[in-house]
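[1] Predicted coordinates and the sequence they were generated for:
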Amino acid sequence: MKKSHFTNFIFLSFFFILFTDTLYAKESAKKMIKHKPFANKECASCHVDKKGKTAELKDDMPGLCYSCHKSYDNNKFIHGPVGAGGCMLCHDPHESENPKLLVYKTINELCTTCHSEKGEMLASVDNIHPPVKDSCINCHDPHAENNKFQLRGDRTQELCLMCHIDKKERITNSKNKHGAIEMGDKCLNCHDPHATGRPKMLKAETPKDLCLQCHSNEWNREEDGKVLMNMGQHLEDNPDWHGPILWGDCAACHNPHGSDNYRMLKMPFPEKSTAKFLPEGYVCFKCHEPQKIEDKFTTEFTNFRKGERNLHFIHVKDKSITCRACHDYHGSKNLPHHLREKSNFGSANFSLRFLEKPTGGSCNPICHERRHYDRETPNNQ
């Protein structure tokens with residue numbers, strides 16, 4: 001071997017040894033967190049053999065740990081490994097590169113080694129509750145608590161409202177409250193606290209599917225004794241659904257956590273068949289253009305007209321007849337435009353007797369004789 005080659009070989013060998021030693025030193029440096037007795041070489045704190053050369057311990061777990069650490073025996077709900085003395089399932093008793101001497105890098109990795117079904121769920125869905133994604137111990141105490149599942153608050157509402165302050169404000173102060181929030185599992189009636197493949201961690205495919213799990217029965221309201229209709233049956237009987245129902249989105253109009261408006265609507269809506277028209281008083285105008293009502297003459301915003309004369313303007317703005325008097329805002333069956341077959345004014349119930357034509361129609365309710373309208377030939381009626 002030539003002298004220059006030998007010199008290069010020696011240099012490269014030295015560099016390799018230095019490099020590997022540096023890597024080893026870095027790996028060793030990761031093991032920075034040491035259990036205090038181990039760091040102080042106080043092996044006799046835990047081991048029978050003062051030098052720690054045998055594994056025999058001075059006491060059984062978790063009693064040995066409790067000689068220094070807080071005891072959880074007085075808590076109502078104790079995590080299984082803690083109760084069984086399995087402290088070392090989660091913690092290394094000597095040293096670890098992880099906080100709290102954990103045997104895994106993250107809390108969630110550690111938890112899902114036992115709670116495998118939760119690990120599979122979290123790995124298979126896109127929409128994960130942020131505190132769950134961050135760390136299981138945001139909600140659960142890993143050792144013990146006085147709440148079921150070692151939760152840091154009552155599982156049905158208290159814990160949720162620690163973070164969801166806006167919901168706490170609405171639930172507490174809304175005039176019209178949603179019964180589902182106060183019965184049974186409360187928040188968990190509708191939401192999964194860990195993850196789903198759906199927005200808002202809902203327990204059903206759509207808000208409508210979720211709502212109909214309860215609203216397919218009649219409900220007696222405690223606050224006024226009124227009976228809420230069986231909406232599931234109503235929608236089955238009236239399959240021509242309003243847009244939000246078709247989208248499966250009851251929450252497009254209703255606030256499921258409570259509201260100061262009639263029927264927990266997100267905006268005001270008239271409670272009766274007659275009321276002075278105010279655009280801001282109709283949730284309808286979240287989607288529909290107010291010009292449908294406000295323009296006295298139009299060919300664009302409504303088909304309910306004689307030529308250009310807007311009959312919505314006459315009924316709603318002039319006569320103060322509300323949308324609910326003629327339209328069913330959930331669904332209808334035999335009539336177009338979600339028109340009701342029957343309506344009411346006060347105690348009077350009556351049929352609209354609407355007849356449709358290609359360019360208009362006619363109706364004969366209790367408030368007037370049969371009147372016709374035509375969009376294209378208004379003078380031929």
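    Here it is on my side, so go on. From a predicted model like this one, the values you see are computed outputs, not experimental measurements. Numbers count the residues shown, from 1 in each chain.

[2] show me where pLDDT drops low in the stretch 251-381 of the chain?
    Across the stretch 251-381 of the chain, the ranges flagged by pLDDT under 70 are 380-381.

[3] Do you have the helices of it handy? List them.
    291-294, 311-312, 323-326 (DSSP state H, counting those that start in this stretch).

[4] what does the domain assignment say about this structure?
    If you go by automatic domain parsing, the domain ranges for the chain are 32-152, 154-263, 267-380.

[5] will you turn those into JSON lines that also has mean neighbour count?
    Yep, even glycine has a C-beta here, placed from its N, CA and C like the rest. Output for those, formatted as JSON lines (neighbours: other CB atoms under 10 Å):
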{"stretch": "domain 32-152", "mean neighbour count": "15"}
{"stretch": "domain 154-263", "mean neighbour count": "16"}
{"stretch": "domain 267-380", "mean neighbour count": "16"}
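
[6] tell me the SS of K50?
    Under DSSP: H, G, I helix; E, B strand; the rest coil, K50 falls in the coil class.

[7] do you know how far it is from K41?
    10 Å (CB to CB, to the nearest Å).

[8] repeat for L335
    For L335, the distance to K41 - CB to CB - is 88 Å.

[9] The nearest residue to P268 once chain neighbours are set aside: what's it in contact with?
    Sequence neighbours aside, G281 is the residue nearest to P268 in space, at 4.7 Å (criterion: CB to CB, 6 or more residues apart in numbering). G281 sits next to P268, F269, P270, A275 when contact means CB atoms under 8 Å, 6 or more residues apart in numbering.

[10] residues touching the third one, list them.
    Applying CB under 8 Å, 6+ apart, we find P270 in contact with Y262, G281, Y282, T322, C323, R324.

[11] Which one of those is nearest to N217?
    Y262 (21.2 Å; CB to CB).

[12] surely that closest one meets N176?
    Yes. Using CB atoms under 8 Å, Y262 is in contact with N176, at 7.3 Å.

[13] I figured K333 hits W241, correct?
    No. Contact between K333 and W241 fails when scored by CB under 8 Å: they sit 10.5 Å apart.

[14] how about the contacts of G281 in TSV, adding distance to G63?
    Formatted as TSV, the contacts of G281 follow (distance: CB to CB, whole Å):
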residue	distance to G63
P268	64
F269	65
P270	70
A275	73
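
[15] Of the residues you listed, just say which sits nearest to D134.
    Using CB to CB, the contacts of G281 come closest to D134 at P268, 39.0 Å.

[16] what residues does stretch 236-243 touch?
    Applying CB under 8 Å, 6+ apart, the set of residues contacting stretch 236-243 is L235, C287, D328, Y329, H330, G331, S332, K333, P336, H338.

[17] residues contacting the fifth one?
    Each residue near H330 by CB under 8 Å, 6+ apart is listed here: M231, H234, L235, N238, W241, H242, I245.

[18] Could you pull up the residues touching Y104?
    By CB under 8 Å, 6+ apart, the residues touching Y104 are N98, L110, T113.

[19] Could you single out the nearest of those residues to F149?
    L110 (16.5 Å).

[20] which residue sits closest to the closest one, ignoring its sequence neighbours?
    Nearest non-adjacent residue to L110, counting by CB to CB, 6+ apart: Y104, 4.1 Å away.

[21] and that neighbour, how far is that from E97?
    Taking CB to CB, one finds Y104 at 11 Å from E97.

[22] ditto for T156
    38 Å.

[23] And R152, by the same measure?
    The value you get for R152 to E97, if CB to CB is used, is 27 Å.

[24] about what we covered before: just the closest of the contacts of P270 to L311, please.
    Nearest to L311 among the contacts of P270, with distances taken as CB to CB, is C323, at 13.3 Å.

[25] check contacts around the closest residue to that closest one other than its chain neighbours.
    In this structure, C323 finds its nearest non-sequential neighbour in C284, 5.8 Å apart by CB to CB, 6+ apart. The contact partners of C284, taken as CB under 8 Å, 6+ apart, are F269, C323, Y329.

[26] and the gap between the last one and R263?
    If you measure Y329 against R263 using CB to CB, the figure is 10 Å.

[27] so which strand or helix has G119?
    helix 116-124 (DSSP states H and E).

[28] related to what we said a few turns ago, for G184, state which of the contacts of stretch 236-243 is nearest.
    L235 (23.7 Å).

[29] contacting residues around stretch 338-347?
    Contacts of stretch 338-347 with the rest of the structure, by CB under 8 Å, 6+ apart, involve 240, 242, 273-274, 325-329, 331-335, 349-352, 354, 365-367.

[30] If we use 10 Å, what do you get?
    Contact partners of stretch 338-347, identified using CB atoms under 10 Å, 6 or more residues apart in numbering, comprise 238, 240-243, 245, 272-274, 321, 323-335, 349-354, 356, 361, 363, 365-367.

[31] any residues in contact with both of Y329 and R263?
    C253, F269, V283.

[32] just the contacts of G281 now: which is nearest E169?
    P268 (19.6 Å).

[33] I'd say the closest one and C253 touch.
    No. Look at P268 against C253 with CB atoms under 10 Å: they stay out of range, at 11.7 Å.

[34] what residues are shared contacts of those two?
    N261, V283.

[35] what helix or strand is R170 on?
    helix 165-173.

[36] ok so, going back, mind checking which of the contacts of stretch 236-243 are in strands?
    Using DSSP state E, the members of these that fall within strands are G331, S332.
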